[in-house]
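1. got a structure for you, letters missing:
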């Protein structure tokens, strides 16, 4: 079962919540797709991974966010979107285990997932500071972490 849920007013501020069979509560994976932070790419490339995780009993919150080519994208908009999308997990109407939330990102999404993992170290007033969800883990799949080389 999956459903699309908006976390903001912009067209790319939404996620798709995929739930496995059963009653839960389910551990959660927040999936952040890559695509060079560009508007022309969406979550299509990570769909096989989403379906595999759901089949293994994980709830997957696959998020979209404003990307280059869309109004408000870049710094800080893209980062604010990803932070908000992760924090909204606490408010999703679903049987989720909020003590077992991990973030997985691919390519540019790996960069964003790694940033998300370090939000608790950000000073107050900085975009993304004061995370609303405590993460159990983060996985960067081919993350673009060296932005100078990228």
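-> Okay, I see it. Computed from a prediction, not measured in an experiment: that's the story for all the values here. Numbers count the residues shown, from 1 in each chain.
2. And the helices in the protein, which stretches?
-> Assigned by DSSP state H, the helices in the chain fall at 47-55, 77-87, 108-117.
3. Could you dump those helices into a markdown table with mean pLDDT added?
-> Written out in a markdown table, the entries for the helices of the chain read as follows (pLDDT from 0 to 100):
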| stretch | mean pLDDT |
| --- | --- |
| helix 47-55 | 94 |
| helix 77-87 | 97 |
| helix 108-117 | 94 |
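4. Highest mean neighbour count across those, which stretch is it?
-> Comparing the helices of the chain by mean neighbour count (mean count of other CB atoms under 10 Å), helix 108-117 comes out on top with a mean of 24. To be clear about C-beta, it is placed using only N, CA and C from the backbone, and glycine gets the same treatment.
5. Other residues contacting that one?
-> Contacts made with helix 108-117 from outside it, assessed by CB atoms under 8 Å, 6 or more residues apart in numbering, are listed as 30-37, 46, 65, 78-79, 82-83, 86, 103-105, 128, 131, 135, 138-145, 147.
6. Tell me, what's the model's pLDDT at the residue nearest to residue 88 when sequence neighbours are not counted?
-> Once flanking residues are discounted, residue 88 sits nearest to residue 7: 4.6 Å by CB to CB, 6 or more residues apart in numbering. Reported pLDDT at residue 7 in the predicted model: 96.
7. Let me see the contact set for residue 7.
-> By CB under 8 Å, 6+ apart, residue 7 lies in contact with 13-15, 63, 81, 84-85, 88.
8. swap in residue 4?
-> Counting by CB under 8 Å, 6+ apart, residue 4 touches 14-16.
9. Which secondary structure elements does the strand ranked longest in the chain sit against?
-> Among the elements of type strand in the chain, defined by DSSP state E, the one spanning the most residues is strand 96-106. With contacts defined as 3 or more CB pairs under 8 Å, 6 or more residues apart in numbering; DSSP states H and E, strand 96-106 has these neighbours: strand 26-32, helix 108-117, strand 137-141.
10. now the longest one, how far from the chain's geometric center?
-> If you compare the mean C-alpha spot of helix 108-117 with that of the full chain, they lie 9 Å apart, counting by CA atoms, centre = their mean, to the nearest Å.
11. relative orientation of that helix and strand 137-141 in degrees?
-> With axes from the mean of the first three to the mean of the last three CA atoms, to 10 degrees applied, the angle from helix 108-117 to strand 137-141 works out at 160 degrees.
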